[in-house]
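when you get a sec, could you give me coordinates for this:
(chains A and B)
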Amino acid sequence: MNAKLKLFCLIFVVCTLTYVYKKSKSVESELFMFNVEALAGGENGEASCYGIGSLDCPQEHRKVYFIW
Amino acid sequence: MRMLLLILLFFNACSSHLSEWKEIVYENFPQEKYLKSTIIELDTAIFRYPFRVRIHKDKAVILDLHNDANFYHLFTYPEFTYLSSFGKKGEAPLEMLSAENFLFDEQSVWALDAGKSQLIRFEFALTNDSLLYQEAVSLDKDLLRALDFAQYNDSTFIIPDYSGDNRFCWVNRQGKLLRKTGEIPSSNKEALKNACSALAQAWRSFIDYNPRNGILAAVTQLGEVLEIYNLKEGKHVVRIGPGGEPEFQISQSYGVPTGIMGFSDVQVTDNAIYTVFHGRSFKEITYNLQKGIELPDGGRYIYVFSLEGEPLRKYVLDHYIYGISVNEEKDIILATDVNKDEPLIEYKLN
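Take a look at the predicted model:
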């Protein structure tokens, strides 16, 4: 009984870790894709600003690293 | 024979046109020198984005563009012992929404708040170790987003015109717009006619004025254009480097940068014009951002021009810098670095 419980706990931990890892990879991937799309978005007429820098963001009036 | 003369005149006209064009375009500097910096040790770690440094007698002020609490920081000079901070960030009456350039005026410091459209005067306390908020001069409503300024005399300020209608706005001590002068020296006639506002944004310029020689200099943040206005003699010179005019695309009436990052600071001394030049293309910045890399921010070059605009020297630096403070008597340049933990460095010119 004790051995079965240990095995169950082990499988549960492995499954949880696998799920969390895959989830975080997926979020990273989504974020990366968002950034890529956003960077490409400048070509379609939408202006956006990124980061901290010295460029005057025309829409938000803050100083940014990059405008696209 | 007449035909031959006409052909010769035609070629002469073409060649003189080209030589005129070469006169305003600079390609090289007659001298080039590599400079190695010395780090100035500061007894404080308060900086996030040290954008400007100014020296006045035994005091130094550093503007931190993205500081969470105060924009300006006062130090002793040349020891750089921290004294106090001023220009509190916030929306309250005695606070600043944003900070642009600042300048010393005897016992005062003038600071520009583009967010509130105010010029704010801070005055040294009797103890001489802090600067206290004295007054806020609200700028005329006809002025669009003032992003830099210079003091022409005791009662007049010069501010680049962000509307695109003209080049400069002249404002009195009470913030009233006195007049507008000049025009953006762009060859993009279409933009001048139909997209003034976007053009003005792309031509956002940093300026400096030296009342001793009457030279007003303006450098573009995008592209590579230096303008020199000799206000005593009424002369205007435009120098365009290999980076060309500011490049942009129009997006919802805004000017979005597309060419290169240009100049980030300018100082007119008694003998020359010192500028910080970046030269990095937005294509390169975009490419690296897409790979998750944020390239160092700032310029690795100091370009020096004569007061007439002739290229004199090019300094290649070991750091990417933003703002400079030139001391010609001591032959040193103080510079700010927004990328490193050591925000202030010094270059010896000789």
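
measure B:Tyr229 to A:Ala47 for me?
31 Å (C-beta to C-beta, to the nearest Å). C-beta here means a position set from N, CA and C on the backbone, and glycine is covered the same way.

sorry, slip of the keys, the one I care about is B:Lys89.
Distance from B:Lys89 to A:Ala47, by C-beta to C-beta: 25 Å.

and B:Phe206, by the same measure?
In terms of C-beta to C-beta, B:Phe206 sits 22 Å off from A:Ala47.

higher neighbour count, B:Tyr229 and A:Ala47?
B:Tyr229 (23 against 20; other C-beta atoms under 10 Å in any protein chain shown).

what's the helix or strand for that one?
B:Tyr229 is part of strand B:225-230 when elements are defined by DSSP states H and E.

that strand pairs with which strands, parallel or anti?
strand B:215-220 (antiparallel), strand B:235-240 (antiparallel) (DSSP bridges).

with only the CA atoms kept, save the first one in PDB.
Looking back up the chat, that one is strand B:215-220. Written as PDB, here are the backbone C-alpha positions of strand B:215-220 (Å, rounded to 0.1, in the frame of the first residue of the first chain):
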ATOM      1  CA  ILE B 215      25.900  80.300 -32.600                       C
ATOM      2  CA  LEU B 216      22.700  78.200 -32.400                       C
ATOM      3  CA  ALA B 217      23.200  74.600 -33.400                       C
ATOM      4  CA  ALA B 218      20.500  71.900 -34.000                       C
ATOM      5  CA  VAL B 219      21.200  68.200 -34.600                       C
ATOM      6  CA  THR B 220      18.500  65.700 -35.600                       C
END
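
tell me the mean pLDDT over it?
Mean per-residue pLDDT for strand B:215-220: 98.

centre of the chain to that strand, how far?
Strand B:215-220 has its C-alpha centroid displaced from the chain centroid by 8 Å (C-alpha atoms, centre = their mean, to the nearest Å).

ok so, going back, can you redo the strands paired with strand B:225-230 as CSV with mean neighbour count?
What follows is the strands paired with strand B:225-230, written out as CSV (neighbours: other C-beta atoms under 10 Å in any protein chain shown):
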stretch, mean neighbour count
strand B:215-220, 24
strand B:235-240, 17
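
can you put those strands in TSV and add distance to B:Phe157?
Converted to TSV, the strands paired with strand B:225-230 look like this (distance: least, C-beta to C-beta, whole Å):
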stretch	distance to B:Phe157
strand B:215-220	12
strand B:235-240	20
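
show me which residues of the stretch 51-200 of chain B are close to chain A?
For the stretch 51-200 of chain B, the residues in contact with chain A (C-beta under 8 Å from any C-beta of the partner chain) are B:51, B:65-66, B:98, B:114-115, B:145, B:147.

now neighbour count too, for these, in CSV please.
Formatted as CSV, those follow (neighbours: other C-beta under 10 Å):
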residue, neighbour count
B:Phe51, 26
B:Leu65, 23
B:His66, 18
B:Ser98, 17
B:Ala114, 22
B:Gly115, 16
B:Arg145, 19
B:Leu147, 21
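
from the residues you listed, which is closest to B:Ser251?
The closest of those to B:Ser251 turns out to be B:Arg145 (C-beta to C-beta; 17.3 Å).

how far does stretch B:192-200 stretch from one end to the other?
9 Å (C-alpha to C-alpha, to the nearest Å).

contacts for that stretch next, please.
B:161-165, B:183-184, B:186, B:188, B:191, B:248, B:250, B:253-255 (C-beta atoms under 8 Å, 6 or more residues apart in numbering or on different chains).

which two from those end up farthest apart in space?
Of all pairs drawn from the contacts of stretch B:192-200, the greatest distance, 20.5 Å, lies between B:Glu183 and B:Tyr254 (C-beta to C-beta).

these two: which is more packed in?
Neighbours were counted for B:Glu183 and for B:Tyr254 using other C-beta under 10 Å; B:Tyr254 has more, 18 against 14.

quick one, what contacts the more buried one?
Here B:Tyr254 is in contact with A:47, A:58-59, B:197-198, B:201 (criterion: C-beta under 8 Å, 6+ apart).

what's downstream of the strand ranked longest in chain A, the next helix or strand?
Secondary structure of chain A per DSSP state E: the longest strand is strand A:49-56. The helix or strand immediately downstream of strand A:49-56 is strand A:63-67, counting by DSSP H and E.

tell me if that following strand is near chain B.
Yes. Strand A:63-67 reaches chain B (C-beta under 8 Å from any C-beta) through A:63, A:65-67.

list the contacts of that strand.
Contacts of strand A:63-67 (C-beta under 8 Å, 6+ apart): A:42, A:47-58, B:49, B:65-66, B:98, B:256-257, B:282, B:285-286, B:289, B:294, B:297.

direction included, what does that strand pair against?
strand A:49-56 (antiparallel).

what's the strand it pairs with in contact with?
Counting by C-beta under 8 Å, 6+ apart, A:38, A:57, A:59-60, A:62-68, B:48-49, B:51, B:65-66, B:114, B:145, B:147, B:201, B:204, B:221, B:257, B:264, B:289, B:294, B:297, B:322 sit against strand A:49-56.

can you select the buried ones from those residues in PyMOL?
The buried residues among those can be selected in PyMOL (16 or more other C-beta atoms under 10 Å in any protein chain shown) with this line:
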select buried, (chain A and resi 57+62+63+64+65+66+67+68) or (chain B and resi 49+51+65+66+114+145+147+201+204+221+257+264+289+297+322)
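
residue closest to the middle of chain B?
B:Phe206 (2.6 Å; C-alpha atoms, centre = their mean).

for it, give the beta-bridge partners.
With DSSP bridges as the rule, B:Phe206 is bridged to B:Val219.

list the contacts for it?
Counted by C-beta under 8 Å, 6+ apart, B:Phe206 has contacts B:101, B:148, B:218-219, B:221, B:263-266.

list just the nearest of these to B:Gly234.
B:Ala218 (16.1 Å).
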